[in-house]
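Enquirer: next input, structure requested:
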Amino acid sequence: MISGIAGILEEKGVDWVLVRIGGGVTLQVYVPRSTAEDLGERGDEIRLHTRLFIRDDEAVLYGFSSPEALEMFQMLCKVSGIGPRISLALLSSLGPSALVYAVVSGDIATLSGVPGLGKKGAARLVLELKGKLDQVLDEVPPMISENHADALAAIMALGYSASESRHLLSKAGNLTDVSLEEKIRRALQQIPG
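Expert: Residues are numbered from 1 along each chain as shown. Purely as a prediction, here's the structure:
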């Protein structure tokens, strides 16, 4: 079992990276989108926590920046009908904290919006993981309250991902007793210029 790798980042795509580990060996590792974005630039030294899946004629390595994200990935893979590709899509689309929030709150609509996961799969995910996923992370980062769900939906309608939209809203300051338009305006002001 390959439980982790360290090496030089040679190249990266939306959900994969190439890591030179030495001895002339370069591995392709599938990673969540946020991990690929945060790893740095070509030539940087990186470390990933990994899980190897061996199917009929291929071995696929999945990598994560933290042991908690790896543990969450492994829990997702244990849900019937949810394999490693859908698990990776969940972590890429929502991010760990939003995924935990969606499962804990039973948000089938958010979960079924992930490519490859329909409403039945999302319901199964909630049923099997509710009460388990929130224990994976020592502390789930604060989420956007239900009072701001309308603003979250509006920002996502502008083309931002769920995790990007949550991040913008969380940086917008105190949004209590603020109109929907003002919530959106303040969140959009957080976009780096």
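Enquirer: what strand or helix carries the closest residue to residue 129 other than its chain neighbours?
Expert: The spatially closest residue to residue 129, leaving aside those adjacent along the chain, is residue 103, at 5.1 Å (C-beta to C-beta, 6 or more residues apart in numbering). All C-beta spots, glycine's among them, are computed from the backbone N, C-alpha and C. Assignment of secondary structure by DSSP states H and E places residue 103 within helix 84-104.
Enquirer: and after that helix, which helix or strand comes next?
Expert: Counting by DSSP H and E, what follows helix 84-104 is helix 108-112.
Enquirer: now the angle from the following helix or strand past that following helix to helix 84-104?
Expert: Towards the C-terminus, the helix or strand next in line after helix 108-112, according to DSSP H and E, is helix 119-129. Counting by axes from the mean of the first three to the mean of the last three C-alpha atoms, to 10 degrees, helix 119-129 lies at 70 degrees to helix 84-104.
Enquirer: most remote residue from this protein's center?
Expert: Most distant from the centre of the chain: residue 23, at 31.7 Å, with distances by C-alpha atoms, centre = their mean.
Enquirer: so who does that residue touch?
Expert: By C-beta atoms under 8 Å, 6 or more residues apart in numbering, the contact set of residue 23 is empty.
Enquirer: what about the residue nearest to residue 129, neighbour count?
Expert: Counted with other C-beta atoms under 10 Å, the burial measure for residue 103 works out to 27 neighbours.
Enquirer: roughly how far does it sit from residue 85?
Expert: Look at residue 103 and residue 85: by C-beta to C-beta, to the nearest Å, they are 19 Å apart.
Enquirer: now residue 128: closest residue in space that isn't a chain neighbour?
Expert: residue 79 (4.9 Å).
Enquirer: same deal with residue 86?
Expert: Once flanking residues are discounted, residue 86 sits nearest to residue 116: 4.8 Å by C-beta to C-beta, 6+ apart.
Enquirer: thinking again about what came up before, who are the packing partners of the helix holding residue 103?
Expert: The contact analysis (3 or more C-beta pairs under 8 Å, 6 or more residues apart in numbering; DSSP states H and E) places helix 84-104 against helix 33-38, strand 58-64, helix 67-77, helix 108-112, helix 119-129, helix 162-171.
Enquirer: for the residue nearest to residue 128, give me phi and psi.
Expert: Phi and psi for residue 79, reported as degrees, to the nearest 10, are phi -70, psi 130.
Enquirer: circling back to that earlier point, so what's the gap between the helix holding residue 103 and the chain middle?
Expert: Put simply, helix 84-104 sits 5 Å off its chain's centre (C-alpha atoms, centre = their mean, to the nearest Å).
Enquirer: give me the angle between it and strand 58-64.
Expert: On the basis of the same axes, to 10 degrees, helix 84-104 is oriented at 40 degrees to strand 58-64.
Enquirer: which other helices and strands contact the longest strand along the chain?
Expert: Of all segments of type strand in the chain, defined using DSSP state E, the longest is strand 45-55. Using 3+ C-beta pairs under 8 Å, 6+ apart as the contact criterion, the elements in contact with strand 45-55 are strand 4-12, strand 16-22, strand 58-64, helix 67-77.
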